[in-house]
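In: next come a sequence and a model predicted from it.
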Amino acid sequence: DGGITQSPKYLFRKEGQNVTLSCEQNLNHDAMYWYRQDPGQGLRLIYYSQIVNDFQKGDIAEGYSVSREKKESFPLTVTSAQKNPTAFYLCASSIVRTGKREQYFGPGTRLTVT
Amino acid sequence: AQTVTQSQPEMSVQEAETVTLSCTYDTSESDYYLFWYKQPPSRQMILVIRQEAYKQQNATENRFSVNFQKAAKSFSLKISDSQLGDAAMYFCACRQKSSGDKLTFGTGTRLAVRP
């Protein structure tokens, strides 16, 4: 089945540790995105990538890093510099070449840092 | 910068009735797309409906339709014949052509469906 997978569904880490969230897609989409969702807020864009080996900061990139070495994969690292890392993280992808470009989302990862 | 506002944090509807969720947006561009996404308790974001700004005709998808008022920058979602499975958070989002594929989301409306 085609889709976007994020693993794990729940992730727990101690404060001060870096943690990497996985996002894989087999939709052959060019672009991939990472969003953060907090209670009472909409989704906020962390990083996005429209092509392999290239990515741009979103609205809240501080304390996060990404890589895009393969078209199918866009891992997100939450570093110890991120002041409030506990949140729900959503990965998305979209086609770039067509006009509609709606984004399709993965199931998300709930990260808890204590 | 573009902004998206959903002024109804919570809404409730009787099963089989119709409900309208409000959304306003602010953009300086003429070429943009608007979306409604549904987020059920599983938290998976599901695309409900899409509207291209250059199209005057309101988009429809089965029981879901929009009222797109471009001059007023309003983009409301109407759900007809509401079903229990429609209970979810609904997010309005806007994509400007100039900002690539970046989506700006509203804060969401939680919809409850009463049996």
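Out: Looks like it came in fine.

In: what parts of chain A come near chain B?
Out: Applying CB under 8 Å from any CB of the partner chain, we find that chain A lies next to chain B at A:31, A:33, A:40-45, A:48, A:50, A:58, A:88, A:90, A:92, A:94, A:96, A:99-108. C-betas here are computed from N, CA, C, even on glycine.

In: please repeat the previous calculation with a cut-off of 7 Å.
Out: For chain A, the residues in contact with chain B (CB under 7 Å from any CB of the partner chain) are A:31, A:40-43, A:45, A:48, A:50, A:88, A:90, A:94, A:96, A:100-103, A:105, A:107-108.

In: show me which of the residues you listed are buried.
Out: By neighbour count, with 16 or more other CB atoms under 10 Å in any protein chain shown, the residues of chain A next to chain B hold A:31, A:42-43, A:45, A:48, A:50, A:90, A:94, A:101-103, A:105, A:107-108 as buried.

In: now do the phi/psi pair for the closest residue to A:Gln17 other than its chain neighbours.
Out: Residue nearest to A:Gln17 in three dimensions, not counting chain neighbours: A:Ser80, with 6.6 Å by CB to CB, 6 or more residues apart in numbering or on different chains. A:Ser80 adopts backbone torsions of phi -70, psi -10, taken as degrees, to the nearest 10.

In: just checking, A:Ser80 touches A:Gly16?
Out: Yes. A:Ser80 is in contact with A:Gly16 according to CB atoms under 7 Å; the separation is 5.0 Å.

In: so these two - more neighbours on which side?
Out: Ranked by neighbour count (other CB atoms under 10 Å in any protein chain shown), A:Ser80 and A:Gly16 place A:Ser80 first, with 15 against 8.
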